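*Asks:* Coordinates only, no sequence provided:
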């Protein structure tokens with residue numbers, strides 16, 4: 001079995017931002033030499049997430065609105081009593097989740113027609129990373 005690890009680094013311009021990372025993950029898969037296996041893509045921060053969905057601006061807006069309804073930005077979080085101001089970011093991360101596992105077939109990411117991989121930042125404007133761990137034969 002082969003194993004390959006790469007780190008993707010981000011420093012978003014906005015506090016909340018979506019970053020399409022499909023090409024970077026595909027490049028890590030190609031560099032790994034794995035022909036059949038899986039790629040784990042995981043945000044290494046508790047206020048960020050990774051997900052697979054369509055790269056369509058209207059859907060992106062719907063995702064942000066949905067997350068804001070479920071975990072609204074505001075001062076009413078117990079977490080803020082510690083001096084932090086990002087309670088909503090922690091909850092948004094739970095909703096999106098921090099990782100995805102993607103199939104590799106014939107040496108390439110095996111995604112559906114419209115599937116793209118996204119890094120979701122909920123408390124950005126500072127340097128953060130994502131691990132891409134490729135395993136297989």
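*Replies:* Noted; the coordinates are in hand. Predicted, not measured: the structure shown is a model, and the values here were computed from it.
*Asks:* For stretch 24-32, buried residues please.
*Replies:* By 16 or more other Cβ atoms under 10 Å, the buried positions in stretch 24-32 come out as 24-26, 28-29, 32. Glycine gets a C-beta too; all of them are placed from N, C-alpha and C.
*Asks:* Show me what the residue nearest the centre of the chain bridges to in the sheet.
*Replies:* The residue lying closest to the centre of the chain (Cα atoms, centre = their mean) is residue 50, at 2.0 Å. Under the criterion DSSP bridges, residue 50 forms beta bridges with residue 119.
*Asks:* residues contacting it?
*Replies:* Listed by Cβ atoms under 8 Å, 6 or more residues apart in numbering, the contact partners of residue 50 are 21, 41-43, 96-100, 117-120, 130.
*Asks:* mind checking pLDDT for it?
*Replies:* We have a pLDDT of 98 for residue 50.
*Asks:* Next, find the distance separating it from residue 99.
*Replies:* Applying Cβ to Cβ, to the nearest Å, the value for residue 50 to residue 99 is 6 Å.
*Asks:* Overlap in contacts, the two.
*Replies:* Counting by Cβ under 8 Å, 6+ apart, the residues touching both residue 50 and residue 99 are 41-43.
*Asks:* how about CSV for those residues, with secondary structure, pLDDT and neighbour count added?
*Replies:* Formatted as CSV, those follow (DSSP: H, G, I helix; E, B strand; the rest coil; pLDDT from 0 to 100; neighbours: other Cβ atoms under 10 Å):
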residue, secondary structure, pLDDT, neighbour count
41, strand, 98, 26
42, strand, 98, 18
43, strand, 98, 26
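*Asks:* can you redo the residues you listed as a markdown table with distance to residue 2?
*Replies:* Formatted as a markdown table, the shared contacts of residue 50 and residue 99 follow (distance: Cβ to Cβ, whole Å):
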| residue | distance to residue 2 |
| --- | --- |
| 41 | 17 |
| 42 | 19 |
| 43 | 24 |
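*Asks:* out of these, who's nearest residue 86?
*Replies:* Proximity of the shared contacts of residue 50 and residue 99 to residue 86 (Cβ to Cβ) peaks at residue 43, which lies at 14.4 Å.
*Asks:* dump the residue contacts of the closest one.
*Replies:* The contact partners of residue 43, taken as Cβ under 8 Å, 6+ apart, are 49-50, 93, 98-99, 119-120, 128, 130.
*Asks:* Thanks again, I'm all set now.
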